[in-house]
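S.K.: with the sequence up front, the predicted model follows.
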Amino acid sequence: MIELETKGTLTVNEPVISIDNLTVEYVSPRGVIKAVRGVSLKVYRGETLFIVGESGSGKSTLGLAMLNIVPRPGRIAGGSITYHIDGRNVNILDLPLEDQRAFRWKNVAMVFQSALNSLNPVLRIWDQMYDTIESHDKHISREEVYEKVRRLLYLVRLDPDRVLKAYPHQLSGGMRQRVMIALALLLDPKVLILDEPTTALDLLTQKSIMEVLKNIKKELGLTMIFITHDLSLAAELADRVAVMYAGKLVELGDVYDIFYRPRHPYTFALMKTVPKLTSIDEELYPIPGSPPDMANLPPGCKFHPRCPYATRACSDVEPSEEWLTPSHLVACHRHRDLSLRVEAR
Amino acid sequence: MTGLLELMDVSVAYQVGRGILSTKKVVKAVDRVNLELGEAQTLALVGESGCGKTTTGKAAAGLIKPTEGSVLFRGRDVWKLDRSEFREFRRSVQIIHQDPFASLNSMLTIYKTLSAPLFQYKIVSSKNEAVEHISKLLETVGLVPPEEFIFKYPHQLSGGQRQRVVVARAISINPKVIVADEPVSMIDVSLRLQVLRLMKDLQHKMGISYLFITHDLATGRYFASDGYTAVMYLGSIVEYGPTNSVILDPQHPYTKVLLSAIPEPDPERTRKKKVMQLRSLDVPSLLNIPPGCKFHPRCPFFIEGKCDKQPPPRYYLDDHRWVACYLYEGVG
């Protein structure tokens, strides 16, 4: 297949990760649950990609799978995750286990939602930072580490003199999250994956973390993958947005296409169900029904029981993904018949 | 208008301090809060986490006794009521908590959960009556057909369905007021509007008043669009008024900063927003609340020698709209 994807804000179309037909399963007492069902997705160098979805959509599992760290009883049941780094193509699933850890730290880092639990409570921030670098690079000097750590802390807008001596509990939630981001950047990863990085934080703190992330993107040209349920965050930061529902990619496109010209009824429904802060006289529409039971998925399109446009075909056959334009993908039988519009305000 | 439920100069202080050697400190989670909720009215209480909004809600529902000030229900101080009157007040003011999983007992079926208050308040006297009554309740909250839900356990329901059960329990004993503390923040985006609409419908049908507590200003605005909004910061209400006026035309510097910082689900709009810069990003600790206006160390409009001395009084812009900020001294 020839790749001809163009993306509004980016000029280079060089993939850094290619996910191909990825399937992730969990074994539960109720049977095998397919959390990710055949997802294919390319992540481009320097872009900010958002993977959005509700609980159970498979977005977090997809994020963990990208690092091959899906916890038991989950397992990657099929597909590949290929990193295109330094002119090499490496399928992380093929790497020997002992090489995976080093590969991850060097190339891709992850920031989780609960920053408090991710830092070692009995180590000062400086020691956590030093240990991290030292365990990966025995030859680096203390001075070099110190310089690097200071630079990164400034980048995330923390005062090194105050933070380095502190223990995690002496820092606020927002400061800890910024420490986590600096820690993730320590080994110069090419890709940063952030799972709900602002969810547990205050509104004003969220905003400052978002500014920090924008800054990092500008300064380091990093590839960033955000995993979130928060559409506002995507509207603020994303270049592209991937929408997941019941373990599948249902739509993928430029952030403006996804928000203003969605082509999947689920994406459209999401846009029309979220209250806006300042718009006037806007009609909101509830989405009927409930998210699917992942252990007992409906046949056909997984959204059809909640979709106002569903026809017979939708309940019989699961739609395949289709490129509408070189940059806009949708999986819906009816996308040609529907004209879904969201007004920009 | 006399309020149905009124908070008059309500303060709630907690004592903190561990062990016998550490000095005990007092944390004022709620500091002289005045609020009024009328019949079938909605009041949104918005603020960031830790600002005291949940404590205020608990005080309003009679779950916490204020350390100072009073809570009035139909004009009477609820902490001076006799036993049976207090019981009646507690029946009239119900609370819905944030987490629909934690607030339902996972060992009990929906029937067990919903029948307990019905028997307790002698609304029903037999199992048959209870099943009939609960079936009607489930229909009211949109869990249809009821026989499919009534003997299920919470884990067999989705987040939205569980929150509907919580709403059913709250309305089962005909309350006048529901204190809804972040009722939709733990449930999926696609289910939130259903639950909010249901609560609104019940307001129209049963004349329920809501104290709607949230950190999500967009949701607060949607739910209280025909009501009032109070903005809380570090235990105090800083601004109050009709919801659309407060959200679309904020007056207090804190409200302005907050609204300027909130991302919106609209790329063009949210990327054009100009964030007001604070003088300090650090939220002061409740153990060490700044003197004067609590926002002064962060406020971009700080007036030295004024804002850091006395807490600002309420300045009324009109009968239903006030701001606690010295910038409005002499206005209105």
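M.R.: Nice, I can see it.

S.K.: now do the same end-to-end measure for stretch A:290-302.
M.R.: With C-alpha to C-alpha, to the nearest Å applied, stretch A:290-302 spans 11 Å between its terminal residues.

S.K.: show residues contacting it.
M.R.: Residues outside stretch A:290-302 that contact it (C-beta atoms under 8 Å, 6 or more residues apart in numbering or on different chains): A:28, A:30-31, A:33-35, A:54-57, A:245-248, A:304-307, A:310, A:313-319, A:331-333, B:158, B:160-161, B:188, B:190-191. The C-beta positions use only the backbone N, C-alpha and C, and glycine is treated the same way.

S.K.: stretch A:219-226 now?
M.R.: By C-beta under 8 Å, 6+ apart, the surrounding residues in contact with stretch A:219-226 are A:16-17, A:43-51, A:63, A:66, A:155, A:185, A:189-194, A:197, A:213, A:216-217, A:233-234, A:237-238.

S.K.: tell me the mean pLDDT for it?
M.R.: This predicted structure assigns stretch A:219-226 an average pLDDT of 92.

S.K.: flag every buried residue along it.
M.R.: Within stretch A:219-226, the residues that count as buried by 16 or more other C-beta atoms under 10 Å in any protein chain shown are A:220, A:222-226.

S.K.: quick one: low-confidence parts of the chain?
M.R.: This is for chain A. Across chain A, the ranges flagged by pLDDT under 70 are A:1-12, A:114-116, A:281, A:343-345.

S.K.: wait, I meant chain B there
M.R.: Counting by pLDDT under 70, chain B shows low-confidence ranges at B:1-2, B:17-22, B:332.

S.K.: show me where it has helices.
M.R.: If you assign secondary structure with DSSP state H, the helices in chain B sit at B:53-60, B:83-92, B:110-120, B:127-140, B:159-171, B:189-206, B:217-223, B:243-248, B:253-261, B:267-272.

S.K.: how about those helices in a markdown table, adding mean neighbour count and distance to chain A?
M.R.: Written out in a markdown table, the entries for the helices of chain B read as follows (neighbours: other C-beta atoms under 10 Å in any protein chain shown; distance: least, C-beta to the nearest C-beta, whole Å):
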| stretch | mean neighbour count | distance to chain A |
| --- | --- | --- |
| helix B:53-60 | 24 | 13 |
| helix B:83-92 | 14 | 29 |
| helix B:110-120 | 18 | 16 |
| helix B:127-140 | 17 | 15 |
| helix B:159-171 | 24 | 6 |
| helix B:189-206 | 19 | 4 |
| helix B:217-223 | 24 | 4 |
| helix B:243-248 | 20 | 6 |
| helix B:253-261 | 21 | 4 |
| helix B:267-272 | 16 | 4 |
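
S.K.: got those helices as a markdown table, with distance to A:Tyr260 columns?
M.R.: What follows is the helices of chain B, written out as a markdown table (distance: least, C-beta to C-beta, whole Å):
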| stretch | distance to A:Tyr260 |
| --- | --- |
| helix B:53-60 | 34 |
| helix B:83-92 | 47 |
| helix B:110-120 | 42 |
| helix B:127-140 | 38 |
| helix B:159-171 | 27 |
| helix B:189-206 | 18 |
| helix B:217-223 | 18 |
| helix B:243-248 | 23 |
| helix B:253-261 | 23 |
| helix B:267-272 | 8 |
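
S.K.: nearest to B:Tyr14, of those?
M.R.: helix B:53-60 (8.5 Å; C-beta to C-beta).

S.K.: contacts for the closest one, please.
M.R.: With contact meaning C-beta under 8 Å, 6+ apart, helix B:53-60 is reached by B:5, B:7, B:10, B:12, B:29-30, B:33, B:35, B:37, B:45-47, B:64-66, B:71, B:93, B:95, B:177, B:179, B:181, B:211, B:213, B:215, B:232.

S.K.: great, nothing more from me.
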